[in-house]
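Asks: Test case, fold it:
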Amino acid sequence: FTDGIGCVLCEEGDFLMVWDGSRSGYVGKAIKGALGSTLVRLKFPNIDTNYAYYFLQSKYIEINTRAKGVGIPHVDPNLLWNYKLPIPPLQEQKTIVSKIEELLSDLENGKQQLLLAQQQLKIYRQSLLKWAFEGKLTSVRTGRDLSQKDGELSEGWKWAKITDIVENNKHSLKAGPFGSSLKKEFYVEKGYKIYGQEQVISDNAFFGDYYIDEEKYQELKSCQIKPFDILISLVGTVGKVLILPANCEKGLINPRLIKITLNKDVYLHKFFKYYFESSYVKNFYGSKAQGTTMDVLNLGIIKTIPFPLPPFVEQQLIVDELESKLTVCDKIDETISQSLQQAETLRQSILKKAFEGKLI
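Replies: As a prediction, this is how the structure comes out:
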C-alpha cells in the first residue's frame with residue numbers, strides 16, 4: 001500500500017502495459033491504485049479503450065520478442081509509437097470489440113475444456129499407478145479376488161524394504177561421494193564419466209561431458225556404476241529415476257545422486273521406476289525431506305520407504321499394462337497440448353483479422 005504521494009495513480013479499467021521484464025509488452029486493465037515501477041498507463045483519446053486494448057494484444061508477441069535492453073528487457077518505444085492503428089468510426093470500433101469478445105469467449109471455453117481434460121488425464125495416470133501397485137490393474141489376468149480394502153496389497157504380495165530388493169553386496173545401495181572429493185578441478189576431457197542430476201532429469205545417460213582420470217576413479221571406486229543400475233536424484237528435482245542402459249559409459253555418481261543395484265531376480269527395474277516416481281512415494285518422502293529452500297532426499301529416507309513386492313512374473317505383467325495404457329495417455333496429452341497451441345494461434349488470427357477489417 002501507499003499514501004499516493006508522488007505516485008502515478010490509475011482508476012478501475014485504465015489501460016496498462018508491462019514496460020520492463022520478461023512480460024514486457026503485456027497489456028491489461030487496472031484496478032484502482034498506484035502504478036508499480038514496471039508499468040505504464042496508456043490513454044487513447046477519442047478511441048474505445050477496449051479497441052486499443054485488443055489492438056495492442058495483437059502486437060504482444062512482436063513487442064515482447066523485440067524488447068530492448070541487455071539485462072532487463074523493456075518495450076522498444078520506437079516500435080510501439082510507430083504502429084499504425086486503424087481508426088474506424090466509434091460505433092464500428094464497438095462492433096469490432098463485441099465480435100472479438102464473442103469469438104474469444106468461445107475460444108476460451110474450448111481452452112478450459114482442454115485444460116480440464118488435461119487435468120483429468122493426470123488424475124487417471126495416478127489412479128493407474130495406484131491400482132498397479134495394489135494389484136488391481138492385473139487382477140483380471142491373474143484371476144485374483146478384488147475384495148481387499150482400498151490401499152491394501154493383493155493376495156500373494158508383501159511389503160519390503162529397499163535392502164530386501166537390492167543385490168547382496170557392500171555397494172548395492174550407495175550415496176555419491178562428498179562434494180570436496182569431486183570438484184571441477186579434477187575434471188578431464190576424456191576418461192570415466194561423472195553421472196549427475198543432468199542425466200537423471202533428462203532421462204538420458206549419454207547427456208553431459210564431465211569426466212575424471214583413472215587415479216580419481218580408483219579413489220572413488222565405491223561409487224562406480226554398472227549397466228542397469230538405478231540412479232536417483234536427491235536435490236531440487238528429487239526422486240527422478242534413471243535406469244542405466246546396457247551400453248552406458250564407465251563412471252561414477254556425483255554427490256547429488258544415489259545408486260541402487262537391484263537384485264534382478266527379485267525386483268524388475270521398470271517396476272521400481274514406475275513405483276518410485278508415483279505420487280504415493282513422492283508424498284511419502286516429501287513429508288520427510290529435509291531442506292530449507294528446496295526438497296532434499298537422502299539414503300536414510302529411502303531406507304524407510306515401503307516397497308510392494310508382488311511375484312516377479314506379475315511385476316512384468318504390471319509393467320506391460322502400464323506401458324500400454326500410459327502410451328495412450330501420452331498420445332492424448334500430446335493432442336491436447338497441440339490443440340492448446342492451436343488455440344493461441346487462433347486467438348492471434350482473430351485479433352489480426354479484426355484490425356485488417358476482415359472480422360465484420
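Asks: C-alpha only now, for contacts and for neighbours.
Replies: Will do.
Asks: The residue lying closest to Y192 once chain neighbours are set aside pairs with what?
Replies: Excluding the flanking residues, the one nearest Y192 by C-alpha to C-alpha, 6 or more residues apart in numbering is G251, at 4.5 Å. Counting by DSSP bridges, G251 is bridged to K193.
Asks: wait, G251 sits on Y195?
Replies: Yes - contact criterion C-alpha atoms under 8 Å: G251 and Y195 qualify, at 7.1 Å.
Asks: neighbour-wise, which of those two wins?
Replies: Y195 (28 against 22; other C-alpha atoms under 10 Å).
Asks: For the more buried one, give me phi and psi.
Replies: Main-chain dihedrals, Y195, degrees, to the nearest 10: phi -90, psi 130.
Asks: Would you quantify the distance from the closest residue in space to it that isn't next to it in sequence to F133?
Replies: Computed as C-alpha to C-alpha, 6+ apart, the closest residue to Y195 that is not its neighbour in sequence is I253, at 4.7 Å. Applying C-alpha to C-alpha, to the nearest Å, the value for I253 to F133 is 29 Å.
Asks: Repeat that for Q118.
Replies: Going from Q118 to F133 by C-alpha to C-alpha gives 23 Å.
Asks: Please apply the same query to V328.
Replies: On the measure of C-alpha to C-alpha, V328 and F133 end up 19 Å apart.
Asks: can you check E198 too?
Replies: 28 Å.
Asks: More neighbours: these two, which one.
Replies: F133 (26 against 14).
Asks: For the more buried one, which non-adjacent residue is closest in space?
Replies: P308 (6.7 Å).
Asks: Can you name the residues in contact with the helix or strand the one you found falls within?
Replies: According to DSSP states H and E, P308 maps onto strand 307-309. By C-alpha atoms under 8 Å, 6 or more residues apart in numbering, the residues outside strand 307-309 that reach it are F133, E134, L153, W157, K158, W159, A160, K161, I162, Y267.
Asks: With adjacent residues omitted, what lies nearest to F228?
Replies: Closest to F228 by C-alpha to C-alpha, 6+ apart is L244, at 4.7 Å.
Asks: so who does the residue in the chain sticking out farthest from the centre touch?
Replies: No residue in the chain sits farther from the centre than P89, which is 47.1 Å out by C-alpha atoms, centre = their mean. With C-alpha under 8 Å, 6+ apart as the criterion, no residue contacts P89.
Asks: Show the backbone phi and psi for it.
Replies: Torsion angles, degrees, to the nearest 10, at P89: phi -50, psi 150.
Asks: just K259 next, same as before
Replies: When quoted as degrees, to the nearest 10, the phi and psi of K259 stand at phi -110, psi 130.
Asks: any idea how far it is from K32?
Replies: With C-alpha to C-alpha as the criterion, K259 and K32 are 56 Å apart.
Asks: So which of those two has more stuff around it?
Replies: K259 (26 against 12).
Asks: Just the CA atoms from stretch 32-39 would do, formatted as CSV, please.
Replies: C-alpha atoms of stretch 32-39 as CSV (Å, rounded to 0.1, in the frame of the first residue of the first chain):
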residue,chain,number,x,y,z
LYS,A,32,-7.9,1.5,-8.7
GLY,A,33,-4.5,2.1,-7.1
ALA,A,34,-0.9,3.2,-7.8
LEU,A,35,1.2,2.1,-10.7
GLY,A,36,4.2,-0.2,-10.0
SER,A,37,7.6,0.8,-11.4
THR,A,38,7.4,-1.7,-14.3
LEU,A,39,4.0,-0.5,-15.6
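Asks: Okay, buried residues for it please.
Replies: Judged by neighbour count using 16 or more other C-alpha atoms under 10 Å, the buried positions of stretch 32-39 are A34, L35, L39.
Asks: Nearest residue to the middle of the protein?
Replies: Central residue of the chain (C-alpha atoms, centre = their mean): T237, at 9.9 Å.
Asks: That residue in helix, strand or coil?
Replies: coil (DSSP: H, G, I helix; E, B strand; the rest coil).
Asks: give me phi/psi at it?
Replies: As for T237, its main-chain torsions (degrees, to the nearest 10) stand at phi -80, psi 80.
Asks: re earlier: tell me if I'm right that the residue nearest to Y195 and Q224 touch.
Replies: Yes - contact criterion C-alpha under 8 Å: I253 and Q224 qualify, at 6.5 Å.
Asks: And these two? Which one has more around it.
Replies: Higher neighbour count among I253 and Q224: I253, with 25 against 22, using other C-alpha under 10 Å.
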